[in-house]
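Participant: this is a predicted model, with the sequence first.
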Amino acid sequence: MKIITENREARHNYFLENTFEAGIVLVGCEVKSLRENHANLKDSYVVIRDGEVFLLNCFISTFEKTGAFIPDTKRTRKLLLHKQEILKLTRKTKEQGYTLIPTKMYFKDGKVKVEFALAKGKKLYDKKDDKMKADLKRYAERQIKLS
């Protein structure tokens, strides 16, 4: 498994509950661009429309040696999931505060996969609390290392 890009900001802004893996529909020059790690998941999200799942606002730069056809860098891309998974996600996202956030994009057996999570947004005090816990943990590890 070769990781193309990660959305590190997702863990900071959301409580991630369940993760799902999906294939993604791409054109050839996008795959070539992904092989060179030219992608960004920041500010991207997943929506469900008419029983289909789509990745929105994901930036995949254009491949340098592309010919006449140049796709839009932030176009809507379809994700490939089983029907039962889509129904489960639809029910969960109808609940208050849940959203679908992509966390990783990677190659698995030569195919591009997107990992996304069912997430709930954090409040400002949740973010401060997480930062405080990380600082305390780092401080404790330093004290153990020194002694």
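Facilitator: Arrived safely, thanks for sending.

Participant: ok, and what's touching the helix or strand Asp126 falls within?
Facilitator: With elements taken from DSSP states H and E, the one containing Asp126 is helix 124-146. The set of residues external to helix 124-146 that reach it, using Cβ atoms under 8 Å, 6 or more residues apart in numbering, is 12-13, 15, 122. Bear in mind the C-beta positions are built from the backbone N, C-alpha and C, glycine included.

Participant: again, 7 Å this time
Facilitator: The list of residues contacting helix 124-146 from outside it, by Cβ atoms under 7 Å, 6 or more residues apart in numbering, reads His12.

Participant: next: stretch 38-51.
Facilitator: Here stretch 38-51 makes contact (Cβ under 7 Å, 6+ apart) with 4-5, 7, 9, 53-61, 79, 86, 89-90, 93, 99-102, 105, 116.

Participant: 8 Å - rerun?
Facilitator: In this structure, residues lying in contact with stretch 38-51 by Cβ under 8 Å, 6+ apart are 4-7, 9-10, 33, 53-61, 63, 79, 83, 86, 89-90, 93, 99-105, 116.

Participant: next, the spatially most central residue of the chain: phi, psi?
Facilitator: A centroid search over the chain (Cα atoms, centre = their mean) returns Pro102, at 1.7 Å, as the residue closest to the centre. According to degrees, to the nearest 10, the main-chain angles of Pro102 amount to phi -70, psi 140.
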